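J.: missing the sequence, but the structure's below:
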């Protein structure tokens, strides 16, 4: 709930020669933000703190943002409902968490075999991304904005090497959401397990494999101590978090504070992508140094092909009978095709050229 | 020169119950920015307009930025001197243009076989990049900030295919700066030609090849009509433009406007990288459609290896006898090694996996 500290607005203008000094009574706003993460959650939690700090400093304290982490509000997956109802002005979470409530929220985090972070930001800001996302959130009394990107997530930690589709049959793996459904189509037995229990589950063989995020966040959970194979990514190539804004809050902000909030969110999102690169690079260096036994693997071609087919099938099903879903899926596919043709001759060609040198 | 419209500051506080309404006389600033580019120069010029618009809207008009393009100030390569002297408050240009004046400015745009945009932003903001850049600009009365990234620049347009080092001997190519020196080491005859004359020079055989930027900006110059081979990049993998700020201007801004300026520049820089991706993808699609004869090539291995060796040699020479240059080169190399090891298992692995599907 927004706290207004100014009850009335007052404006006076002093003419001093040719110059005008405006003295304007400035309303102060304290917005409350609920985040899915616990307190001091690295990278994700840094994004909300960075956003709040920028907003406060740019507004000279007129726009303050009070962050409640999950330990405070006790509802990590209640962010959507709380911001919708106005219990909180702002939220920080991930759009695909709301898939059970509003299926089309699925598409605004990251899709298997989808766009990279740069391609996806281009789709959001220069393609139809922002407009389509708003069409999904509008009926729920909220605005949704990009909230920080992890970069390409790793395919996960496996205790045994995967050499064929056969090796995936009945494999128990922690992999939630749409990617879990794709994996189920090719024979994996996907499960969801609370983060705090993941290490023990993997160590005791309750599960055979788990994905999490990438080196920086995986390192803290210790998987490198108990699984030798680290697979490269396919399922979340550009996981974008989300800022949610209650619509009444948004509309009550004066134009300048609304722009400050918009730019603080936009910058914090980009900053998180850069921060993720830095932390992942550091964590990966420490993993390779301390666990030289870890081997990086890419799933064999037949596995990738089967997952890609399964993904296409599930996407077609999601688009069937839902006109908005179809427009989103078509827009993403078209944008990806176009952008990737260029990424192929720029980023991919360059990275492959340099890899030849080593 | 900064124009202050408020001569005196006035502050009054009205207590209304528990709330405080602050009425503060707000100074207004109009900063003048000189850019290297002509008016309406796409992408680069959009970055300055985007920055100015954000600053003005976030400050509710208290911070205005008046942009002078090259047609106005007539000194596209005088930005450094004009901002240093305070003739302009701000500049938008590229750091490596000042290499002749201050050799160490070379390192803050993009280096051959260097970091990608994401890796380089991580070096700037989480490595030593910003501090080292400031060390170079400090004695010149300025601050320097990232000002927008083009992404990986293409290796250029060639009228004949390059199959060996032999094919490069005596080849006349427009390629300026450090990359031109690298190319000279492997036998190319590098020249610099004004953009307006490049098309004719290439068409008439005055030059055999030219690099420019990437599809979006190359398309406008028409090279696709007269050269069949488009080479992938190696020499500027993350060309970052630059905002320059006169030090007195920076220090005279109140804290909130300084933060607004800082964030507007930072966001405009990121936004330009995303904008470049969008425009390059669109331009590349139109080139491939209208000129199906264009073939994308990567330089053969022996050429790449020779250029890499030449680059290492020139870098070592640059670092020799200049303690600051050595620290910059070492910092970049170390950061690149660390970051690239992670880029290899994330971006590169993912892009290669998906390329297999096509």
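T.: Looks like it arrived, so ask away. Since the model is a prediction, treat every value here as computed from it, not as a measurement.
J.: which residues of chain A score low on pLDDT?
T.: In the predicted model of chain A, residues A:1-25, A:358 satisfy pLDDT under 70.
J.: Break down the stretch 151-300 of chain A into its helices, ranges please.
T.: All helices of the stretch 151-300 of chain A, identified by DSSP state H, counting those that start in this stretch, fall at A:177-185, A:195-204, A:215-221, A:247-252, A:255-290.
J.: and the first one, does that touch chain B?
T.: Spelled out, it's helix A:177-185. No. Against chain B, helix A:177-185 shows no contacts by CB under 8 Å from any CB of the partner chain, the least distance being 13.7 Å. All C-beta atoms are positioned from the backbone trio N, CA, C, and that covers glycine.
J.: what's that helix in contact with?
T.: With contacts defined as CB atoms under 8 Å, 6 or more residues apart in numbering or on different chains, helix A:177-185 is touched by A:96, A:99, A:106, A:111-112, A:168, A:173, A:175, A:190, A:192, A:211, A:235-236, A:306-307, A:310-311, A:313-314.
J.: If you count neighbours, what's buried in it?
T.: Across helix A:177-185, burial judged by 16 or more other CB atoms under 10 Å in any protein chain shown covers A:177, A:178, A:179, A:180, A:181, A:182, A:183.
J.: now, among the residues you listed, which is nearest to residue A:151?
T.: residue A:179 (16.1 Å; CB to CB).
J.: And the closest residue in space to residue A:249 that isn't next to it in sequence, its phi and psi?
T.: Leaving aside its sequence neighbours, residue A:249 sits nearest to residue A:89 (CB to CB, 6 or more residues apart in numbering or on different chains; 4.1 Å). Dihedral pair for residue A:89: phi -80, psi -40, per degrees, to the nearest 10.
J.: hang on, isn't residue A:89 packed against residue A:52?
T.: No. Using CB atoms under 8 Å, residue A:89 is not in contact with residue A:52, being 11.9 Å away.
J.: okay, and the common contacts of those two?
T.: In contact with both residue A:89 and residue A:52: residue A:33, using CB under 8 Å, 6+ apart.
J.: out of the two, which sits in the more crowded spot?
T.: residue A:89 (27 against 20; other CB atoms under 10 Å in any protein chain shown).
J.: mind checking how far the more buried one is from residue A:81?
T.: Distance of residue A:89 to residue A:81, given as CB to CB, to the nearest Å: 14 Å.
J.: again with residue A:73
T.: 11 Å.
J.: sorry, back to before: would you mind finding the most buried of the helices of the stretch 151-300 of chain A?
T.: helix A:255-290 (a mean of 22; mean count of other CB atoms under 10 Å in any protein chain shown).
J.: Could you figure out how far that one is turned away from helix B:255-290?
T.: Here helix A:255-290 runs at an angle of 70 degrees relative to helix B:255-290 (axes from the mean of the first three to the mean of the last three CA atoms, to 10 degrees).
J.: Are helix A:255-290 and chain B in contact anywhere?
T.: Yes. Helix A:255-290 reaches chain B (CB under 8 Å from any CB) through A:255-256, A:259-260, A:263-264, A:266-267, A:270-271, A:273-275, A:277-278, A:280-282, A:284-285, A:288.
J.: How far does that helix sit from its chain's centre?
T.: Put simply, helix A:255-290 sits 11 Å off its chain's centre (CA atoms, centre = their mean, to the nearest Å).
J.: Give me the neighbour count for the closest residue to residue A:66 other than its chain neighbours.
T.: Nearest non-adjacent residue to residue A:66, counting by CB to CB, 6+ apart: residue A:32, 5.2 Å away. Neighbour count for residue A:32, taken as other CB under 10 Å: 22.
J.: Likewise for residue A:294?
T.: 17.
J.: any idea how far it is from chain B?
T.: Separation of residue A:294 from chain B (CB to the nearest CB, to the nearest Å) stands at 10 Å.
J.: For that residue, give me its contacts.
T.: So residue A:294 contacts A:224, A:228, A:229, A:230, A:287, A:288 (CB under 8 Å, 6+ apart).
J.: Okay, the nearest residue to the third one once chain neighbours are set aside and chain B: tell me how far apart.
T.: Think residue A:229. Spatial nearest neighbour of residue A:229, chain neighbours left out: residue A:158 (4.3 Å); criterion: CB to CB, 6+ apart. Between residue A:158 and chain B the computed distance is 14 Å (CB to the nearest CB).
J.: likewise residue A:302?
T.: Distance from residue A:302 to chain B, by CB to the nearest CB: 11 Å.
J.: surely that residue meets residue A:162?
T.: No. Look at residue A:302 against residue A:162 with CB under 8 Å: they stay out of range, at 10.4 Å.
J.: In terms of neighbours, single out the busier of the two.
T.: Neighbour totals were compared for residue A:302 and residue A:162, and residue A:162 leads with 20 against 13 (other CB under 10 Å).
J.: Could you verify my assumption that the more buried one touches residue A:208?
T.: No. With contact defined as CB under 8 Å, residue A:162 does not count as touching residue A:208 (10.0 Å).
J.: ok, back up a step: okay, and which of the contacts of helix A:177-185 map to strands?
T.: A:173, A:190 (DSSP state E).
J.: Run a quick neighbour tally on the residue nearest to residue A:105 when sequence neighbours are not counted.
T.: Among residues not flanking residue A:105 along the chain, residue A:98 sits closest, at 4.0 Å (CB to CB, 6+ apart). For residue A:98, the neighbour count with other CB under 10 Å is 26.
J.: just residue A:51 next, same as before
T.: 28.
J.: Just want the phi and psi numbers for it.
T.: In terms of degrees, to the nearest 10, the main-chain angles of residue A:51 are phi -60, psi -50.
J.: dump the residue contacts of it.
T.: So residue A:51 contacts A:65, A:243, A:264, A:265, A:267, A:268 (CB under 8 Å, 6+ apart).
J.: so which pair among the residues you listed is furthest apart in space?
T.: Going by CB to CB, the pair spanning those furthest: A:65 and A:267, at 14.0 Å.
J.: where do the helices sit along the stretch 1-150 of chain A?
T.: A:44-58, A:70-73, A:79-85, A:117-126, A:129-137.
J.: surely residue A:297 meets residue A:227?
T.: No. Look at residue A:297 against residue A:227 with CB under 8 Å: they stay out of range, at 11.3 Å.
J.: what residues are shared contacts of those two?
T.: With CB under 8 Å, 6+ apart as the test, residue A:297 and residue A:227 both reach residue A:158.
J.: near chain B, which residues of the stretch 101-250 of chain A show up?
T.: A:113, A:116-119, A:121-122, A:125-127, A:151-152, A:154, A:214-215, A:230, A:232-234, A:237.
J.: switch to 6 Å and redo it
T.: Contact residues (CB under 6 Å from any CB of the partner chain) of the stretch 101-250 of chain A with chain B: A:118, A:121, A:122, A:125, A:126, A:152, A:232, A:233, A:237.
J.: what's the burial count for the second one?
T.: The number of residues packed near residue A:121 is 28, by other CB under 10 Å.
J.: Now do the contacts for it.
T.: residue B:274 (CB atoms under 6 Å, 6 or more residues apart in numbering or on different chains).
J.: Report the separation between it and residue B:153.
T.: From residue A:121 to residue B:153 the distance is 20 Å (CB to CB).
J.: of residue A:297 and residue A:227, who's got more company?
T.: Using other CB under 10 Å, the more surrounded residue of residue A:297 and residue A:227 is residue A:227, with 21 against 17.
J.: what's the spacing between the more buried one and chain B?
T.: 15 Å.
J.: Next up, the contacts around that residue.
T.: A:157, A:159.
J.: what about 7 Å?
T.: Contact partners of residue A:227, counting by CB atoms under 7 Å, 6 or more residues apart in numbering or on different chains, are A:157, A:158, A:159, A:202.
J.: do the same with residue A:84
T.: A:140, A:141, A:142.
J.: If burial is judged by neighbour count, which of these pass?
T.: Among the contacts of residue A:84, those that count as buried by neighbour count (16+ other CB under 10 Å) are A:140, A:142.
J.: quick one: which of the contacts of residue A:84 is nearest to residue A:48?
T.: residue A:142 (16.7 Å).
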